[in-house]
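**Student:** Any chance you can model this:
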Amino acid sequence: MTTDIAQPPPRPAGLRGLPALIAAQVSLHAGITGMRVIGPLILLQAGAGAAQVGVLLASFAVGPIAIAWWVGGHVDARGYRPPMAVALALGFAAPLLGCGASLLDGPARFALLCAAGALGGAAANAGLITLQRTAARMARDAAGLRSTFAWVGLAPSASNVLGPLAAGVLHDLIGPRGALLALLVFPLIGAAIARSARPPAPPEARAATARVTLRQLLRNPTVRRMMIVDGLATGGWDAHAFFVPTLGYARGLSATSIGAIYGLFAAGVVLVRAIMPWVAHRLSEPVVLTVSLIASAIVFGLYPFGESATYMAGCALALGMTIGIAQPMVLSTMHQAVEDAQRGSVIALRTMWVSANAVTLPVVLGAALAAVGPSALLWSIAALMGSGAAAARPRR
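**Tutor:** The predicted model follows:
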């Protein structure tokens, strides 16, 4: 069922509070994206293989699966501040635990790094669900919803520039342990910004029985179709996050270069989302999503033809632009497909789905990389994304 965007009650501040909400999430998320660079490097420098790196990266998706449904209902019922406080606390604990892991050896170090990854993933996604649901309350119509999600999408994009680049430089300057300690600054800054932000007032409390169930959401054909599209788009994102450190390290690139490649991918996402408010009023969601998947498939197909840092950086920038436009359109479509009271839950469902894929994908990629090599694996990803573009078009 498709519904019109519910008109929110008048708010004097309008959209003026949105930049502070985005800035708080950028700071929180930057610390976690920095951990995604340093953690694999700790393992690789200790002689670990691609399979262990894959498991570590998968751990970042375990936390969101556990916490997303609670966060979605909590932000629907209580607004911005309580779930954001939980996200910031987890975002501080994660790099602290990672620093403790760097003091250990063998299986204990690996297990503690994975635990830190799970906490970090929970923190970043709890903050993002809270931001997305809060920002959606500010939208006045469907075009405004697409535009709002484009601005909100800049939060993970900007953090993926700031966090990996800072982590790579800090790693080369002061080592992995010092870099992890330095990352603690990010959630502290995020907490200060969130404390001064002025989000919309929390909604009136709802009865617990009024909340939609997972089964009810999955009966919605538009929700199911968007889960396929988003699974492909975010799967491509996660695959790229796996390939950058593993291929970069194998090709002798420095941590700074690897962090810069991550950063250029995120810069491409920032660039394309910056023009999204213009796109939102001119192109429909199905058109944009179809183009996004096909163009991303082309970039993945081109990736194996060069090995230099410059070539990888160019592909990363292009892929960030092609894949980064998908998420705002997916969120806009899913929001319009459900009732207002279900929107926090549908964001949580999307997070759980994407995170479940992200748990298995790095593990599968680690095993497949050893079996077939990087070129065949990248071309397989390209074929999968291209063939999935049909799901972006609504059924008639």
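**Student:** Could you use CA atoms for every contact and neighbour count after this?
**Tutor:** OK.
**Student:** Counting by contacts, list what the host helix or strand of residue 370 packs against.
**Tutor:** In this assignment (DSSP states H and E), residue 370 forms part of helix 343-372. Counting contacts by 3 or more C-alpha pairs under 8 Å, 6 or more residues apart in numbering; DSSP states H and E, helix 343-372 is packed against helix 50-59, helix 62-78, helix 106-136, helix 221-250, helix 326-336, helix 374-387.
**Student:** Mind doing that once more with 7 Å?
**Tutor:** helix 50-59, helix 62-78, helix 106-136, helix 221-250 (3 or more C-alpha pairs under 7 Å, 6 or more residues apart in numbering; DSSP states H and E).
**Student:** Using TSV, lay out those helices together with distance to residue 316 and mean neighbour count.
**Tutor:** TSV is the format used below for the helices and strands packed on helix 343-372 (distance: least, C-alpha to C-alpha, whole Å; neighbours: other C-alpha atoms under 10 Å):
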stretch	distance to residue 316	mean neighbour count
helix 50-59	18	24
helix 62-78	25	22
helix 106-136	22	24
helix 221-250	8	20
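**Student:** ok, back up a step: could you check the angle helix 221-250 makes with the helix holding residue 370?
**Tutor:** Angle of helix 343-372 versus helix 221-250, following axes from the mean of the first three to the mean of the last three C-alpha atoms, to 10 degrees, is 40 degrees.
**Student:** what inclination does helix 343-372 have with respect to helix 62-78?
**Tutor:** For helix 343-372 against helix 62-78, the angle by the same axes, to 10 degrees is 170 degrees.
**Student:** How about residue 49: what's its closest non-neighbour residue?
**Tutor:** Nearest non-adjacent residue to residue 49, counting by C-alpha to C-alpha, 6 or more residues apart in numbering: residue 43, 7.9 Å away.
**Student:** How confident was the prediction at that neighbour?
**Tutor:** Looking at residue 43, its pLDDT is 85.
**Student:** picking that back up, can you give me the buried ones in the helix holding residue 370?
**Tutor:** For helix 343-372, a neighbour-count test (16 or more other C-alpha atoms under 10 Å) marks 343-363, 365-369 as buried.
**Student:** which regions of the stretch 201-350 of the chain sit below the pLDDT cut-off?
**Tutor:** Low-confidence segments of the stretch 201-350 of the chain, defined by pLDDT under 70: 201-211, 280-281.
**Student:** And residue 284, its phi and psi?
**Tutor:** Note on residue 284: its backbone torsions stand at phi -80, psi 160 [degrees, to the nearest 10].
**Student:** repeat for residue 337
**Tutor:** Taking degrees, to the nearest 10 as the convention, residue 337 sits at phi -90, psi -10.
**Student:** separation between it and residue 128?
**Tutor:** In this view, residue 337 and residue 128 are 20 Å apart by C-alpha to C-alpha, to the nearest Å.
**Student:** what's the answer for residue 108, then?
**Tutor:** From residue 108 to residue 128 the distance is 30 Å (C-alpha to C-alpha).
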